[in-house]
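# With the input below, show me the fold.
(2 chains)
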Amino acid sequence: MPSITKPIATHPSLKRNELGLTVRDYEGSMSTLCAGCGHDSITAAITRAFWELSTPPHMIAKLSGIGCSSKTPTYFVGGAHGFNSAHGRMPAIATGAAAANRDLLYIGISGDGDSLSIGLGQLCHAIRRNVRMLYVIENNGVYGLTKGQFSASADVGSKSKRGEANRMGPIDPVKLGLSLGATFIARGFSGDKEQLVPILKAAVAHRGLALVDVISPCVTFNDHEGSTKSYLSTRKHMVRATETDFVPPAPEILAHISPKGTTSVTLHDGSVVRFTRTPADYDPTDRAKVTEFLDKHAATGEILTGLLFLDESSADMHELSNSTEVPMAHIPYETLCPGSAVLDKLQDEYR
Amino acid sequence: MHDVLRVNAARSADVNDFALKLANVNGTGSASANGLLMQAIFRMGIPVTGKNLFPSNIQGLPTWYEIRVNKDGYGARALDYDLMIAMNSQTYARDVGEVRSGGFLLYDSSWPLDPELHRDDITFLGVPLAKMCNETFANPRERILMKNIAYAGSLCAALDIDMGVVGELLEEKFGRKKALLESNHKALKLGYDYARDHFACPLPFHLQKMDANGDKILIDGNTATALGCLYAGATVAAWYPITPATSVMDAFKMFCEEYRRDPDTGKNNFIILQAEDELAAIGMVLGASWNGARAFTSTAGPGISLMNELLGLAYYAEIPAVVIDVQRVGPSTGMPTRTQQGDILECAYASHGDTRHILLFPSNPGECFEFAIRSFDLAERFQTPVMMLSDLDIGMNDWVIPRIKWDDSFRPDRGRVLSAEDLEGAAEYFRYSPEDENHVAARTLPGVDSKGSYFIRGSGHNKLGGYTEIPDEYQEVMDRLKLKHKAAANFVPAPVIQTRAGARFGVLSLGGCDPAVREALDILESRGIPADYLRVRGFPFDTAVEDFLGSHEFNFVVEQNRDAQLKSLLTLETSVPKEKLRSVLVYGGFPLSARHVVNGILNHDDILEQNRN
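Below is the predicted model:
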């Protein structure tokens, strides 16, 4: 993907995080996406989230597949290693990377074509393994780089730019995640950064795969009248089902959590997700109830956003595998090789 | 092909030189009886090989096991059977037909033999196996299983297999399961006593203790491969179940559970991921290798087909990856439980666009161990996929090999990787520049230092790693990759060359063909046709391969596929003229025998005659 280097100019008044870094330090190169693309807003939210979390840039690993969305890892956290892989294959590559080094923070950026068509199988199995990563689907219902074909998330009746209506049912990543046992499921809107940033922060802190579906209108191929993933349509139908605060792990803050939120979930690292103003019949920790709630609202045409489901108790891939705490990539060879005496002894069994 | 010029492989029908074939029904427990016989002969110090010719099925289809005993150490598959153990009525006619004239056939005489199957030139040895077992054992399952041990008992008498050794093996196997041990002993004795009382035991060909095996071991290639991966320091393994590669991962898991569990925490110093398919398996290997772990996958041809996509990514983005390909018969599903060398070309150039990979060709379990370790070193040294092409014959059959030695001073070659200290001193870092004498640039690992961060991609990139669509920049990288591949020729295992005085031509081969080719060349020499031999062990080809081709008037290439894939690769990658190469091809799915090779070469009598003049 083409990219343009950004000039580095930091204003002295820019706020610094705990590491002394400004938000500019979490940016990458200049975006080459279309002006107004929803993906750029998501990039800005990711940049903000990592800056606010004071994540050391080199501890982040960015992975993506192929498509407009998958270009974006070059546009944030330039100080992190990035891997722009092959179409639909990011989940497996992220799984392998996470297997090799459990200490890094993995962010996978994908799109609806990348994750719901060519890479649907890999997404499903990454969810099943509960690979610890932030998995963002930048969902615009359309193939942009190949100029406007419907994707698998296009709604029935949604019209293409040429006026053709989609007739096949969509794959909804949120429902998919719920049915596959995903442990963190959220939906955001690229135009609502206020809601998205705390979701992303909670997703980073989550122990397991955090699936974040973000409606991200394609200004060039899917922002016209008749499209159900345009800015206009999303703004009109979007309903914040849950409101969340993300409270980082700091004891003095924890002590001041007010009980006014309907639910608080403590994450593995000690941070807390506080659900506020959620509907009375909503329990974001009860998979069956969340499914029921979503089904109930599906008929209304509303797009429910927020952190919709959270299960912090399930084992992630490394726990399921009984892996050592030390990253596999850091175990010294001397520990790994059983040596000549063992080899000689075990060969006695092959006689 | 000409009418077969029969070769009676130097067999003198006496002591420690014969072949037997056991015809069974799969899923009836014959494998353990057959393995027991093979192991007993091995423990008697006699050179022996076993070939399992089994169906892609769980229960009920014909399966054969061949045991060849040869005091001179020839270990290729025999095609002449001195003794047939015919335990499968479905294949009876065929099995009777395969016994050499003057040979013997042992059958279950609980039922009368179909007179139509009678042959005057062989001796029928009837043992009422089912009858005896039904009388001795109450449990129906046991009756079936013990029939196998009973015929093993008869063979002990007929072939003079040391009963002490057999007893010792049963003790080792069932020591703690007293009831099972007792049943086995009982069944063994049933068969033994019957044969001793009714036949002239031992038969004219039989066994006699030798001391040819020293401290050798009996091991299959997949187990040895797994051991190699263990000793190479692999920590991440990703795979999808597939015959005949599954036992690589089964063995790796077994070894890891034994030797890679932290004694203090009980946690695993390894992670094995059973992927959803081979697309994902290779993806996991790339992710883990990019992130600094030694990672591998094991698969067979159908898996390689799926992995093509990401092998191209690994080649172009320069990510180490180790792929163990235990080849089976293709194309498509082909014959999953039969052997072939049909993936050579596919692996050499796997993926779209201009790609070329490093291949290693082990010929026995010992080399599986050695080359598995070499694969990791080469993958990291050259930052590229390395494929080790084993096959079903090497991978799933037990081979007698010298004990594997390990040098504790061995340390893996992790290739060029910059540490935090290296980066601290560096003014700037680019992923693909500067290159070393092997055209490899240093890589950095995620999580080390922001200064070393880079963005890796399968899309067009320039020598610094930045995105490009500029022709010259693209070509510059592609040209370097070609040079890098070429440089690997000096690092892959060198070919093994065997020369003979007065050699009239050269013979090239690879992998599991080796025992058959070596035996065939001895036979040819004894007939006054000496030939030189080169066994290819790696791709890109060492210069010695080109020299060998050039130094012979003509060369035979012996391989197990229809399309002469090694020959094609030699034609493409060396300057040898096509006319100087002739093929000997055997690709029906069973392991190669010396007779195939001798006949294959003698069939080219046009050039053999020409060369004589």
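# What about A:Pro73, how many residues nearby?
28 (other CB atoms under 10 Å in any protein chain shown). Bear in mind the C-beta positions are built from the backbone N, C-alpha and C, glycine included.
# from the stretch 101-250 of chain A, which residue is nearest to chain B?
Residue of the stretch 101-250 of chain A nearest chain B, by CB to the nearest CB: A:His125 (4.3 Å).
# A helix includes that residue, no?
Yes - the assignment for A:His125 by DSSP: H, G, I helix; E, B strand; the rest coil puts it in a helix.
# residue contacts, it?
Residues near A:His125 by CB atoms under 8 Å, 6 or more residues apart in numbering or on different chains: A:Pro91, A:Ala92, B:Ala275, B:Glu276, B:Ala280.
# May I see the residues you listed arranged in JSON lines, with distance to B:Asn24 and secondary structure as well?
Converted to JSON lines, the contacts of A:His125 look like this (distance: CB to CB, whole Å; DSSP: H, G, I helix; E, B strand; the rest coil):
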{"residue": "A:Pro91", "distance to B:Asn24": "44", "secondary structure": "helix"}
{"residue": "A:Ala92", "distance to B:Asn24": "41", "secondary structure": "helix"}
{"residue": "B:Ala275", "distance to B:Asn24": "34", "secondary structure": "coil"}
{"residue": "B:Glu276", "distance to B:Asn24": "35", "secondary structure": "coil"}
{"residue": "B:Ala280", "distance to B:Asn24": "37", "secondary structure": "helix"}
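# Could you identify the most distant pair in those residues?
The two members of those with the most space between them (CB to CB) are A:Pro91 and B:Ala275, at 10.5 Å.
# so what pLDDT did B:Phe455 get?
At B:Phe455, the model reports a pLDDT of 95.
# beta partners of B:Phe296?
B:Ala237, B:Val322 (DSSP bridges).
# In contact with it: list those residues for me.
B:Phe296 neighbours (CB under 8 Å, 6+ apart): B:Cys229, B:Ala234, B:Val236, B:Ala237, B:Val285, B:Ala321, B:Val322, B:Val323, B:Ile324, B:Ser375, B:Phe376.
# Tell me which residues touch the second one, please.
Read it as B:Ala234. B:Phe252, B:Phe270, B:Ala293, B:Arg294, B:Ala295, B:Phe296, B:Val322, B:Phe376.
# residues near the closest residue in space to A:Leu178 that isn't next to it in sequence, how many?
Using CB to CB, 6 or more residues apart in numbering or on different chains and skipping residues adjacent in sequence, the residue nearest A:Leu178 is A:Thr291, 5.3 Å away. Neighbourhood size, A:Thr291 [other CB under 10 Å]: 16.
# Heading C-terminal from the helix or strand A:Thr291 falls within, find the next helix or strand.
Applying DSSP states H and E as the criterion places A:Thr291 in helix A:287-298. Scanning forward in sequence from helix A:287-298 by DSSP H and E, the next helix or strand is strand A:303-310.
# can you pull out the helices in the stretch 51-200 of chain B?
B:92-98, B:129-136, B:140-159, B:163-174, B:178-198 (DSSP state H, counting those that start in this stretch).
# Give the buried residues for the last one.
So the one you mean is helix B:178-198. By 16 or more other CB atoms under 10 Å in any protein chain shown, the buried positions in helix B:178-198 come out as B:181, B:183-192, B:194-196.
# Might one say that B:Phe382 is in contact with B:Ala488?
Yes - taking CB atoms under 8 Å as the definition, B:Phe382 is a contact partner of B:Ala488 at 5.4 Å.
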